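Novice: Next input, structure requested:
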Amino acid sequence: MSTRAVTAAPRGGAAARPMRLRVATYNIHKGVSRELFGLRRVTRIHELRARLHELDADLVFLQEVQGRHERNAVRFDQWPSESQHVFLAGATTRKHTFEAAYGRNASYLHGHHGNALLSRFPIVRRENRDVSDHALEKRGILHCVVQFPTANVHCFVVHFGLFAGSRERQTRVLVDWIQREIPPDAPMIIAGDFNDWQNVLSASLYEQLGVREVFDTLQPAMGMRQQVVHFVRDRLFDARSSEGGAAVALAPRRVRTARTFPSLVPWLRMDRIYLRGFEVRDAKVMRGPEWARLSDHSPLLADLQAKG
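Specialist: Numbers count the residues shown, from 1 in each chain. Below is the predicted model:
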């Protein structure tokens, strides 16, 4: 297990220090990438596993994970014999072994793929729900409850559709699910590939679930004028109308997120890590040729600390 994640209570009955953990999210493109200007398909799944373990994350949210692919097993010499989530969870040393959960999204004659969660701590509950909006795009949300020494954390691995209408409907399913079944004070992480390149979902998720995106929380360095503008926007967004007891945002809020796609020259803001019950100590996009050769997305990495 990671030595960073949770510290025990000090001697003498003093309170434990807040829980700390590292979280990553990554669309791995089924472990297959292209080279020679897209003319040749290659797999670097062994290198991808090594890179993931180098991140030293406690939780890894994965999308486009290949559960089975009989054609690739024949096509590529280095194709793992087990499912990708099982392969990626394992390592040559016990220190870096993950527990894994997998949720199947799409099935076809030669295999299937979906979302996965890798965790250094016990996964005590798991559930996968189909949120496909039409037959051409099979999408799902994987919900896992991870048992940390100080608290259970609700983790949602998300991969939403390519069309705006689909994403809006899938977001409503996610919000309804959480509001009905997850305690409002429970620590929660929602991460994955939202395909929300126009960034229209963040404000709604904040308003309805109280979650914040990690890069938005960090507050990048800004000039005085920008700081004033963001301060006013944040306060206006947090303001609520007392009429009828309804919570109504008075002004739109511009949420800051990171560029992750395409990985060679990241331009679109596709991937997110949303939090409730955590503070962000650091966050970054893993860029560079060593990552661009593995997938068309760049992974996100965030260091968190539990509030309170």
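Novice: Would you map the helices across the protein?
Specialist: Here the chain has its helices, by DSSP state H, at 45-54, 70-75, 84-89, 164-181, 202-209, 214-218, 224-238, 289-292.
Novice: send the alpha carbons of the last one over as CSV?
Specialist: Going back to what we said before, that points to helix 289-292. Presented in CSV, the C-alpha positions along helix 289-292 are these (Å, rounded to 0.1, in the frame of the first residue of the first chain):
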residue,chain,number,x,y,z
PRO,A,289,6.2,11.8,-25.5
GLU,A,290,6.4,9.0,-23.0
TRP,A,291,2.6,9.4,-22.3
ALA,A,292,1.5,10.4,-25.8
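Novice: Please spell out which residues along it are buried.
Specialist: For helix 289-292, a neighbour-count test (16 or more other Cβ atoms under 10 Å) marks Trp291, Ala292 as buried. (C-beta placed from N, C-alpha, C; glycine too.)
Novice: How far off centre is it?
Specialist: Centroid separation between helix 289-292 and its chain, computed with Cα atoms, centre = their mean, to the nearest Å, is 19 Å.
Novice: do the longest one as well
Specialist: Counting by Cα atoms, centre = their mean, helix 164-181 is centred 16 Å from the centre of its parent chain.
Novice: ditto for stretch 79-89
Specialist: Using Cα atoms, centre = their mean, the offset of stretch 79-89 from its chain centre is 20 Å.
Novice: Run a quick neighbour tally on the residue nearest to Val131 when sequence neighbours are not counted.
Specialist: Once flanking residues are discounted, Val131 sits nearest to Gln170: 4.6 Å by Cβ to Cβ, 6 or more residues apart in numbering. Using other Cβ atoms under 10 Å, Gln170 is surrounded by 24 other residues.
Novice: what do you get for Ser204?
Specialist: Ser204, neighbours per other Cβ under 10 Å, totals 14.
Novice: Also Asn152?
Specialist: 16.
Novice: Who is it paired with across the strands?
Specialist: Beta-bridge partners recorded for Asn152 (DSSP bridges): Gln147.
Novice: From what I see, the residue nearest to Val131 and Leu162 are in contact.
Specialist: No - look at Gln170 against Leu162 with Cβ atoms under 8 Å: they stay out of range, at 11.2 Å.
Novice: got the domain boundaries for this structure?
Specialist: 18-220+268-306, 221-255 (automatic domain parsing).
Novice: residues contacting Trp177?
Specialist: Arg129, Ile141, His143 (Cβ atoms under 8 Å, 6 or more residues apart in numbering).
Novice: Reformat the residues you listed as JSON lines; add neighbour count.
Specialist: Formatted as JSON lines, those follow (neighbours: other Cβ atoms under 10 Å):
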{"residue": "Arg129", "neighbour count": "14"}
{"residue": "Ile141", "neighbour count": "23"}
{"residue": "His143", "neighbour count": "23"}
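Novice: Dump those residues into CSV; add pLDDT and distance to Ala101 as well.
Specialist: Shown next, in CSV, are those (pLDDT from 0 to 100; distance: Cβ to Cβ, whole Å):
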residue, pLDDT, distance to Ala101
Arg129, 94, 13
Ile141, 96, 12
His143, 98, 9
